[in-house]
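How does the following fold in three dimensions:
(2 chains)
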Amino acid sequence: MTADGANGPVLPGDDFPRRLATEVGYWERDGLISSEQSEAILRRYASSDAGALPNEPAIGDGEPAVSRGEVDERTTLVSRAVSIIGVMGALLVGLGIIIYVAANWDVIPVWARVSMLVGLTAATNVAGWLLLTRFDYPRVGVAMLVVGALAYGAAIHLIAQIYHVPVNHPNLTTAWFLGVLPLAYTARSRVMVVLALTLLVLSMGFRTQWWLESYGAETMLLLTPQTLAISAAVVALGLLQLRFTWTRPLAVYCYLPGLAIGLAAFCVMTFASPWTEGVNLSLAVLSPEYWITAGLALVTAVVATAGLWWRVGGQRDRRLLARTAVVATMAVTGAVMWVWFAYPEPGAWWLFNLVAFGGVAMAGFLKRSPILLGGAAALFAILVAIRFSSLVDLDGAAAPISLSAAALTAGACLFAGSCAMRGAPVVAPYTRIAAAVGLALAASSLHVMGYGTFWRWETLPGWSGMPVEYWSAVVIGWVLATALTAFTLWKHGRSNDGDAVWQAGAVAAMAALTIAMWLALGYQVSAVWSVFNLALLAGIAALIWYAYRRRQLSIAYFACSIFAFSVIVRCFAALGILAEGDLLLWLGPVALGIGALVFLTGRLRVRWTGVSTPELRTNSRVWDLAGLSVAIASVYAMSYSDPWANGDDTTGSSALAFLGEYWFLAGTVWGAAITGLILIWVVDRTQSSPVHVSADQLQWETSAAVAMGALVILAWLGLLLSWTWAWLPLNAALLATVLALVAAGYRWNRGDLINLAVIAFGIMLFTRYFEFGFGLLGQSLAFIVAGAIMLGMGFGLEFLRRRMLRSVRVVEEPA
Amino acid sequence: MTRVASILFFAVVAAQVVGLVAFAGVREVALTEGREITLQTAPADPRSMFQGDYAVLDYEIAEVPAHLAEQPAGDTVYVVLVECGDVWCAAQHTRSKPESADVYIRGVIGVNRRLDFGIGTYFVPEGTGDIIELAGDVKVVVSLDDRGQAVIKDVLVHGVPFAPDRN
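Residues are numbered from 1 along each chain as shown, chains lettered A, B, ... in the order given. Next comes the predicted model:
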């Protein structure tokens, strides 16, 4: 709150200064620094959090005496929980308000609606600011600012709606962006900066729509140079922010999204179709507005880069050159594209493939950065998935087979990338997941290619039947996978475990299978399908052998589950009697059972291995995350209202009779899950595991398992008794799961659970917002109520955090 | 936070409120002060991401005349209007602003080769868009200011102002 502290490099709501104060206290006590130095350090990082503490009254007796270190750890997690729950609540309330506007409910008169929203905009902003600066509730304050920003956008669109301003007029989202951006920087909020940049992208999208009526490939082509110019400006401005104290902590939230926007533009340009279809494009169709925006963006990029050089002063090093080069690449590529429009060159898409993947991979090699290398692989895997979905309209056998070849390429890339990322900081817990996803992709492609029907179906397309993009993607994919494998062999090849050799062998096997598939397609050998089945079995056997050699139970389990899934999917393909919505409803409980089984097996495993080393901790987290995400996904699949309301005759009691295999399968899965839970109880009661597990932890695990069981019973009862409302408690359960995950993350000091909660919430919010199945008014009410509850929870947690901080004073006062 | 940041913050919030009120005010003035005319249209019924259901209004007067067919998209065209029966029709198209004595509307040539007058969208309460879309005869009452800028005042479905709760 003090004036000199406000200029420090600390954002409001950041816990760092308080933790630093604790540490600096220890340094001073141990004689590492003098008291003047400690004061100078604390002054530099002073913030409302650290400054407010000493003056606050201490809380009375009855508070448990906790050490400062313990409180630090717990308040940090509470702070994260408050930020996350608060922002989630704010997004829900804000989107609810926007949906309310969209409902255009004419029961409330126009003037009342306008004054309500304008008043709400002002009130939430002022409340947020006061919470932020006067009352020391920084996280809830930021959440209120987010509500204010969304209410402002809702007000703009409401007025535009009342006076029938043409739909999606780009000036609306631009005005929204211009209103939010300055607030983001005066309040110095990371969330608000990201929100403002999202609005910038949105307004750019609406602008294209405004300039060009058609959404064809040429639209993307014309948009790209301008997008590149704007992202170059955003990146340059973001880098410049590093040089000012006030904005430094926000810089990364500016230049990373900028890079992402630029990279996305590159990725659009890697497709061949915009280039071939856009040959006859004329620059004349572009309005002056387009050129003004692009020109302003380019000038901004140049000025910001010049400012960067000027602010750096004497320290002109390689990093500055590299940063300038990134900005220049984006800006110059944009400018060169305009020249291409004037002198059309349909083959230019190749260059973009090279820059997008080669650039990221090359940067990874140069900086020895496994994260960038893995990033290039992940980027490519995503792109292959998008690109090949456009091939589905090929005739007959070509679609599934070419899709599965894509999956094999993407899988090999992802697997090779995750192997290359071995031992990297930050991403280490996720490399195993990425490797598992890569292998699963490869396995599923072999599974699909193993269907004899696809190969016997009509005629095979042959090589010439495949579009040029197909060949570009697979060739790039395999070059990338080979390069990454070479990197792994070079870096880890001589290590004792020999993992790199195993991994290279796996990639080589995938390459051999891809070549076999091309040969079979080219020479029309339809009898080849059995080879892929054998290859899948051989792969599973190799995984189990590897797991046995390395004593890695989880890999053996992974191999077994691939086998099980393959068998189950073939079962259901043979059944093939259910409509899509009903199929999801019936599959949900089985998938939930598999999730519960994985979760409980992981929990059982922890009782023998413990989590004493980082590797064991990562292993146990992978099990928890895998089990929980399968469980959440399966509940989500069942939570749509439509199939429940409009189920045809396979729902209801008749299902019992003709789904014999189904009940056998479900019974096996759930029987195994229940056995797992019983085993956990037996182990804990008899204390036969080497690791001590608290009763509290057992309670959490049991309630998670019981909750999953209860949801399955609800789903089955709903299906058998045709409860059309069953989706309602399932949705409530999803929201409760998100909150429970945040609570568990806080209780067990597990950031990964909080991350899972955030991701699950984000996906649900996004998909639900665009699901117009139920009425807008109801949807709006649900969003606002759920959001208000979460905002209230955030407020309560912030209160709790302050109490915890004050309790420290009680303990330390006597000493 | 510093005083400067505080002042900046409240200034921006105030600017937001003033901007919103001004936005509503300008449109309101254009609506009430302008000259009222009626136009013939043929609507369709989609839904927007932020604003809900609306009807797309395509006007009879939006046709680009033969002598302007070569003009690129984005060019401004003034359409001089005359009363023909109960609606107003296009009498003449000019690139420059007509005499102020005439009644005229300002349009821009769109990429779809139709004139865009900025009155192509009519927002309706949720689920009522098909009333407009399925109606055979839809006319729009617009308010015109002296620069040719149009604002939608009312939509007439079979000659009756559109009000879904009255249907």
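
so who does the nearest residue to A:A705 once chain neighbours are set aside touch?
Nearest non-adjacent residue to A:A705, counting by C-beta to C-beta, 6 or more residues apart in numbering or on different chains: A:L677, 5.1 Å away. (Glycine included, C-beta is placed from N, CA and C.) Residues in contact with A:L677, defined by C-beta atoms under 8 Å, 6 or more residues apart in numbering or on different chains, are A:600, A:702, A:705.

any idea which residue sits dead centre in chain B?
Using C-alpha atoms, centre = their mean, the residue of chain B that lies closest to the mean C-alpha position is B:I119, 1.7 Å off.

That residue looks like it's in a helix, true?
No - B:I119 is assigned coil when assessed by DSSP: H, G, I helix; E, B strand; the rest coil, not a helix.

State the mean pLDDT of stretch A:793-812.
On average, the pLDDT along stretch A:793-812 is 71.

can the helix or strand where A:V78 lies be found next to chain B?
Taking DSSP states H and E as the definition, A:V78 sits inside helix A:68-103. Yes - Helix A:68-103 comes into contact with chain B (C-beta under 8 Å from any C-beta of the partner chain), by way of A:98, A:101-103.

in chain A, what residue is nearest chain B?
As assessed by C-beta to the nearest C-beta, chain B sits closest to A:A102 within chain A, at 3.2 Å.

How many residues are close by that residue?
Neighbour count of A:A102, defined by other C-beta atoms under 10 Å in any protein chain shown: 27.

Contact partners for the closest residue in space to it that isn't next to it in sequence?
Ranked by C-beta to C-beta, 6+ apart and with sequence neighbours excluded, the top spatial neighbour of A:A102 is B:G52, at 3.2 Å. By C-beta under 8 Å, 6+ apart, the contact list for B:G52 reads A:101-104, A:161, A:776, B:123, B:126.

partners of B:G52 in the sheet?
In this entry, B:G52 is beta-bridged to B:S48, by DSSP bridges.

and it, what pLDDT?
With respect to pLDDT, B:G52 has a value of 74.

ok, which stretches of the stretch 601-750 of chain A are helices?
A:614-638, A:641-645, A:654-658, A:660-686, A:695-720, A:727-747 (DSSP state H, counting those that start in this stretch).

for the second one, packing partners?
Read it as helix A:641-645. When contacts are defined as 3 or more C-beta pairs under 8 Å, 6 or more residues apart in numbering or on different chains; DSSP states H and E, helix A:641-645 packs onto helix A:580-609, helix A:727-747.

and the next element down the chain from the shortest one?
So that's helix A:727-747. helix A:751-769.

Show me which residues of that following helix are buried.
Within helix A:751-769, the residues that qualify as buried are A:752-754, A:756-758, A:760-761, A:764-765, A:768-769, counting by 16 or more other C-beta atoms under 10 Å in any protein chain shown.

Remind me what the helix or strand following that helix packs against, helices and strands.
Counting by DSSP H and E, the next helix or strand C-terminal to helix A:751-769 is helix A:776-812. In terms of contacts (3+ C-beta pairs under 8 Å, 6+ apart), helix A:776-812 is packed against helix A:68-103, helix A:138-162, helix A:727-747.

just checking, which of those helices sits deepest inside the structure?
Compared across the helices and strands packed on helix A:776-812, helix A:138-162 shows the largest average neighbour count, a mean of 27 (mean count of other C-beta atoms under 10 Å in any protein chain shown).

which element follows the longest helix anywhere in chain B toward the C-terminus?
Criterion DSSP state H: the longest helix present in chain B is helix B:3-33. Later in the chain than helix B:3-33, the nearest helix or strand by DSSP H and E is strand B:35-44.

contacting residues around that next one?
Contacts to strand B:35-44, defined as C-beta under 8 Å, 6+ apart, come from residues B:55-61, B:81, B:86-88, B:103, B:122, B:132-133, B:138-145, B:153, B:156.

mean confidence score for stretch A:199-218?
Stretch A:199-218 comes out at a mean pLDDT of 70.

Residue ranges in the stretch 501-650 of chain A under the pLDDT threshold?
A:551, A:553, A:567-583, A:646-650 (pLDDT under 70).

for chain B, same thing?
The model of chain B has pLDDT under 70 over residues B:1, B:43-50, B:73, B:101, B:111, B:164-167.

50 instead, please
Judged against pLDDT under 50, the low-scoring parts of chain B cover residues B:166-167.

By proximity to chain A, which residue of it wins?
B:G52 (3.2 Å).

isn't A:W623 right up against A:T609?
No - A:W623 is beyond contact range of A:T609, at 10.4 Å (criterion: C-beta atoms under 8 Å).

who has more neighbours, the two?
With neighbours defined as other C-beta under 10 Å, A:W623 and A:T609 compare such that A:W623 has more, 22 against 17.

Pull the contacting residues for the closest residue in space to that one that isn't next to it in sequence.
Nearest residue to A:W623, sequence neighbours excluded (C-beta to C-beta, 6+ apart): A:G602, at 2.5 Å. Counting by C-beta under 8 Å, 6+ apart, A:G602 makes contact with A:620, A:622-624, A:626-627.

again with B:V87
Going by C-beta under 8 Å, 6+ apart, B:V87 touches B:38-40, B:139.

quick one on the thing from earlier: buried ones in the helix or strand just after the helix holding A:V78?
Using DSSP H and E, the helix or strand that follows helix A:68-103 towards the C-terminus is helix A:110-133. With burial defined by 16+ other C-beta under 10 Å, the residues of helix A:110-133 counted as buried are A:113-114, A:116-118, A:120-122, A:124-125, A:127-129, A:131-133.

any idea of the mean pLDDT in helix A:110-133?
Confidence for helix A:110-133, expressed as mean pLDDT, is 88.

Against which helices or strands is that helix packed?
With contacts taken as 3+ C-beta pairs under 8 Å, 6+ apart, helix A:110-133 sits against helix A:68-103, helix A:138-162, helix A:170-187, helix B:3-33.

What lies in contact with it?
Here helix A:110-133 makes contact (C-beta under 8 Å, 6+ apart) with A:1, A:12-13, A:48, A:97, A:101, A:108, A:137-138, A:140-145, A:147-148, A:151-152, A:154-155, A:158-159, A:162, A:183, A:187, B:1, B:6, B:9-10, B:13, B:16-17, B:20-21, B:24.

at 6 Å what do you get?
Residues outside helix A:110-133 that contact it (C-beta atoms under 6 Å, 6 or more residues apart in numbering or on different chains): A:12, A:137-138, A:140-141, A:144-145, A:147-148, A:151-152, A:154-155, A:158, A:162, B:1, B:9, B:13, B:17, B:20.

Let me have the helices and strands packed on helix A:110-133 in TSV, extended by distance to B:P72.
Below are those laid out as TSV (distance: least, C-beta to C-beta, whole Å):
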stretch	distance to B:P72
helix A:68-103	35
helix A:138-162	28
helix A:170-187	20
helix B:3-33	28
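
Give me the distance between A:Y255 and A:I476.
Computed as C-beta to C-beta, to the nearest Å, the A:Y255 to A:I476 distance reads 27 Å.
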